[in-house]
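>>> Okay, here's the prediction I keep looking at, along with the sequence it came from:
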Amino acid sequence: MLDAEQVHDIDRGQNFVEIVRGIGNVIFVMLIAGAVAYVGDRVGHQVGRKRLTMFGIRPRYTSTIIAIGTGMVIALVVTLVAIFASQQVKTAFFKLNSINEQIAELTHRERDLETKVNTGKLIVPVDVLMVPFYRIIHQSTSPKERLAVIRAFYFDAVKFVNANYPRLGLKPYVIPADVDKTLETLDLMIAAKQSTANVMLTVTSDQNLFENDQIHFKMNATADQLIYQKGQAIAQLTIPGKSGADVNIALSQLQTYIATNVRRHGLPPFLADNVQALQLIPDAKQMQARISRAGTYLLTAFAFDDFYPHNARIPIVIVLTQQP
């Protein structure tokens, strides 16, 4: 984690780079302008020496016109090359007003979000399970059947959230006009097609929802496969004896390790964080007594039963042993 001074140094370094880049751009433009002026002058000078005329105009005026025209052509060529070679230049020429409008809109939105975070009432945090049910898409299901399951689950979810969350202060979810097309192109269809196991569909919040916000949610596809077998070790924590360690803090830390390990299997936070210790061996009081003695102790979490994502919770048994 960076401290405030390190962040300040990084910002200062980035500002320095931007200043150097800006100075370099100014110098580059000056050199291009000088080169254009020089070439235009030399062409005009050569035309003047040969006393060429154009449209009956006097030679000295002809040379001036040719010099100006040459400079314009060179500037045009350089500009076109820069436009085609750099997306940033192209954006500056043709999309600057649009970008300024987007910046103004994002700035306004940022202020609204800051106000909402500071003074608003949070109803549903991000990545929270929003409906208490799920659907399973079996591996052997055809594409047409997969889409039918996803569509039915979507509308069941909409019905549930609109029946329950407006009473908490949220605005009802609005079904988009092109919902069928959207469902056909969802990553859920791809995930279900490519999965080597059944797929579990769930609905979670895709952002923090504050009072008076319109309901938003996302549908998740999780492979419903065996994650841990009964009795399999999930996480471990070493506790040095006579260190003054608090066993309750150690147990809490172990559950954090469990959630981290579970997330590595691609499970969403609402599943990975739903760890339930069903048994402590020995109990917490005896654990505290043991780690108060000399030695090195190992706190291990084992799967209480076979764990699949559709189980919704991760039941564990925590065992304290002394290392030899």
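Perfect, thanks for sending it.
>>> G169 is in contact with N212, isn't it?
Yes. G169 is within contact range of N212, at 6.5 Å (criterion: CB atoms under 8 Å). Yep, even glycine has a C-beta here, placed from its N, CA and C like the rest.
>>> Checking A259 next. Helix, strand or coil?
At A259, secondary structure determined by DSSP: H, G, I helix; E, B strand; the rest coil is helix.
>>> how near is it to T185?
32 Å (CB to CB, to the nearest Å).
>>> any idea how the chain splits into domains?
4-94, 135-223, 233-322 (automatic domain parsing).
>>> Quick one: distance of the shortest one to the chain centre.
Centroid displacement of domain 135-223 relative to its chain, using CA atoms, centre = their mean, to the nearest Å, is 19 Å.
>>> And it, end to end?
Its first and final residues considered, domain 135-223 spans 12 Å by CA to CA, to the nearest Å.
>>> thinking again about what came up before, so which of A259 and T185 has more stuff around it?
A direct count of neighbours by other CB atoms under 10 Å for A259 and T185 places A259 higher, at 19 against 10.
>>> is it true that the more buried one touches V275?
Yes. In this structure, A259 is within contact of V275 by CB under 8 Å, at 6.1 Å.
>>> need the contact list for N198.
Shown in contact with N198 (CB atoms under 8 Å, 6 or more residues apart in numbering): I136, I137, H138, Q139, A223, D224, Q225.
>>> Now distance to V149 and pLDDT too, for the residues you listed, in TSV please.
TSV is the format used below for the contacts of N198 (distance: CB to CB, whole Å; pLDDT from 0 to 100):
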residue	distance to V149	pLDDT
I136	8	92
I137	5	90
H138	9	88
Q139	12	85
A223	15	87
D224	13	90
Q225	18	90
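>>> was I right about I175 contacting V158?
Yes. The pair formed by I175 and V158 meets the contact definition of CB under 8 Å, at 6.1 Å.
>>> and these two? which has more neighbours close in?
The residue with more neighbours, out of I175 and V158, is V158; 19 against 12, by other CB under 10 Å.
>>> roughly how far apart are that one and F270?
Between V158 and F270 the computed distance is 19 Å (CB to CB).
>>> T296 too?
Relative to F270, T296 is positioned 35 Å away (CB to CB).
>>> And Q253, by the same measure?
For Q253, the distance to F270 - CB to CB - is 21 Å.
>>> what do you get for T222?
Noted for T222: a distance of 10 Å to F270, by CB to CB.
>>> now F160
To F270, F160 is 16 Å away according to CB to CB.
>>> ok, which stretches of the chain are strands?
Counting by DSSP state E, the chain has strands at residues 122-124, 135-137, 199-204, 209-210, 218-223, 233-240, 275-281, 296-303, 314-322.
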